[in-house]
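Participant: Build me a structure from this.
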Amino acid sequence: RPKRWQHTEQRAMASRFARYLPRFENFAPAAAADTIKTCAQEALTELAAMESGITAGKSGYSWRECIDRLEGMPALAKLNREWGLLNHLNSVRTSDELRATQQSAMPTVVDMGMRFAQSRPLYACFSAALTDPTADAADRRYLSVFLRSARIEGAALPSEQQAQLHANKKEEALLGITFSNNRLDARKAWKRPLAPGEEDGMPPSLLTMLRGPTGAPELSLADPIVVGVLKYARSRALREELMRVNSQVAASGATDNRPLIVDILRLRREQAALHGLPSYAALSLSTKMAGAPETASAFLQDLETRFRPAAEREFQQLTAFAHANGHEGALQPWDGSYWAEQLREARYSVSDELVRTHFKLPAVLSGLFELASTLFGVRFEERAAPTGVWHPDVTYYEVCNEAGPVAAFYLDPYSRPENKQGGAWMNTCLDRSTHLARDGDDCQLPVAYLVCNQAAPPAGMSFREVETLFHEFGHGLQHMLTRVNRSGVAGINGIEWDAVELPSQFMENWCYSPSVADLISARSRVPIPGPLFDSLRAARNFMVASATVRQISFAKGDLALHGAGPAAADPVTAFRDILMATNVAPILPNDAMLCSFSHLFGGGYAAGYYSYKWAEVMAADAFAAFPASLDVDAQRVGRRFRDTVLALGGSVHPLDVFKAFRGRTPTPDALLQQANVL
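Facilitator: Numbering: from 1, shown residues only. Okay, the predicted model is just below:
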């Protein structure tokens, strides 16, 4: 049996990826800004030539040839690489120079993007192509995705409204960058020493994370520290202080995001009005599987109806346990995580601290790679990065099948709150494209960035960090194992947004597979005891209904802020009111988490946060197709998942992709059964 994960020591430049990958250490922000400006001018010149050719009916400007021109335009490809690298580096090792360059280049990028999207000749050409009998299903899907985006960007609007929309979206993009920068600055600005006695209850791994530059324990707002203190610190005063500070990130002072939120929501309402729609939610949902805000709201209401009774029981049980163990009075917002961890340990004899001793990143990665190899028929080789990396923590891998390399990815696993955005994500480094192949290659192969923020060694991984790694790897698999050669619909490109979380949440399910635990154990210096993993599986649904209702509250708040009707005078308060009305656990009366909610104002989830639950239904249903063991049947189903969900990307509508894999439309039964709420 071939070894499916290996560390390959070889001359780095021998990799076929070397001529495509960015050279991180050579990246000069000022030079990148000049490149972006020059490439934008060249791309716009080529667009003008295309428009002229289309309008005049010249040879070489059929709809197929225009697709080829768009897909293979050198200036556009180079601009996308430079802009993507600038954004990536600003998220993983931000600096004043990177930020300033991003701010200065953004108008150029938006102007160019809107000019392409609003091209009337291209819009007319591709609209007519939809009725061309020679267009096959893949052609029509590509055209539909392009036209869908073009409509949203105003291609069908009168010139005056196009100009208004253009200016509006440019302003929104700049505000979104400022929002994210404010969040990072506010988080890294707060630190204080840990006072004597405040460490009571904290496990060794958390205390190691708290060591500051001088070696003395220091509190900060890094994700692993906030989560750890709220779960373990016995000091209620400390938990309350940290929760209150964390709930006010970017809500005051020089990094106050409140006015930005008001402006962004106003701009989005104006965008919808320009399209003649009643709300930004209606505009956003017109591009998604759900289709309309009413469908998404009904979906959320149905889930809430099913999960809320169980969530109320969970909170009653948590309160009773806390009272039985010395807590007096009602549970406050800063008590929930602490008592939930105490109850989890008491009920299942499992704790994050115990889990960390068995889940070290190298063993988890090796098990994850073996799982993916078994299911999808590929192997993973760690290599010296052909063009370097942006931080010593980063590792580089190539993905190969029996014919050779098919993709690559970088993994940046650890938290660096001083200059790295919080959270976890997969981002595109390179798309798969035959049009952008170089030097005799048949294809530019896809490359991904996988970024997490887990605790650095010597700490091991909490089980939630294991799930997060599997989640982002799922996104990466869909990007890397695509077989679509047009970059506009390759990988995650072109997929309706409420379906993009299917592969990521699908992969999370494998964390609870005994077969996967065996794979990780076989590679661990401290194997996972069977009883511990049994406890982890038993604890899977611990407080799951409460967590589901919490996610529903975020999604409802998102749809409400972007919905029809008068604008909220104070969006932060309006959003908090929805959280308080929906959640069963208490919410801080002055909670301002909206000010750091990057999904809505610095990411792609505006009027789309419901997508997590929507895709979770499909992910659970897809996972239910697999047998319990990683046997021949699992390989057979895995190959079908690879050849549909992972391979087809945006080239086929996600509902048709799901039906090709599962043989039917998705149902919520598997998710409800998994959560024991049927």
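
Participant: Next, the residue lying closest to residue 582 once chain neighbours are set aside: secondary structure please.
Facilitator: Closest residue to residue 582 apart from its sequence neighbours, by Cβ to Cβ, 6 or more residues apart in numbering: residue 553 at 3.7 Å. To be clear about C-beta, it is placed using only N, CA and C from the backbone, and glycine gets the same treatment. Three-state call for residue 553 (DSSP: H, G, I helix; E, B strand; the rest coil): helix.

Participant: quick one, what contacts residue 224?
Facilitator: If you count contacts by Cβ atoms under 8 Å, 6 or more residues apart in numbering, residue 224 has them with 209, 415, 453-455.

Participant: State the next helix or strand along the chain beyond the helix or strand it falls within.
Facilitator: Using DSSP states H and E, residue 224 sits within helix 223-232. Next helix or strand after helix 223-232 toward the C-terminus (DSSP H and E): helix 236-247.

Participant: ok, then the element right after that following helix?
Facilitator: helix 258-274.

Participant: Just want the most central residue of the chain.
Facilitator: For the chain, residue 425 is the residue whose C-alpha lies nearest the centre (Cα atoms, centre = their mean; 4.3 Å).

Participant: tell me the pLDDT at the nearest residue to that residue once chain neighbours are set aside?
Facilitator: Nearest residue to residue 425 in three dimensions, chain neighbours excluded: residue 451, at 5.3 Å (Cβ to Cβ, 6+ apart). Residue 451 is assigned 98 on the pLDDT scale.

Participant: shouldn't residue 451 be in contact with residue 472?
Facilitator: Yes. At 7.3 Å, residue 451 counts as touching residue 472 under the criterion of Cβ atoms under 8 Å.

Participant: what's near enough to touch the residue nearest to residue 425?
Facilitator: Contacts of residue 451 (Cβ under 8 Å, 6+ apart): 91-92, 412, 424-427, 472.

Participant: how about it, secondary structure?
Facilitator: strand.

Participant: Any figure for the gap between it and residue 655?
Facilitator: Distance, residue 451 to residue 655, by Cβ to Cβ, to the nearest Å: 30 Å.

Participant: State the number of residues packed around residue 320.
Facilitator: Residues near residue 320, counting by other Cβ atoms under 10 Å, number 11.

Participant: Against residue 450, how distant is it?
Facilitator: According to Cβ to Cβ, residue 320 and residue 450 sit 41 Å apart.

Participant: Kindly report the same for residue 411.
Facilitator: Relative to residue 450, residue 411 is positioned 5 Å away (Cβ to Cβ).

Participant: One more: residue 603?
Facilitator: Taking Cβ to Cβ as the measure, residue 603 falls 17 Å from residue 450.

Participant: which of the two has more neighbours?
Facilitator: A count of neighbours by other Cβ under 10 Å puts residue 450 above the other of residue 603 and residue 450, at 22 against 16.

Participant: Just to check, the more buried one is in contact with residue 407?
Facilitator: No. Counting by Cβ under 8 Å, residue 450 does not reach residue 407; the two are 11.8 Å apart.
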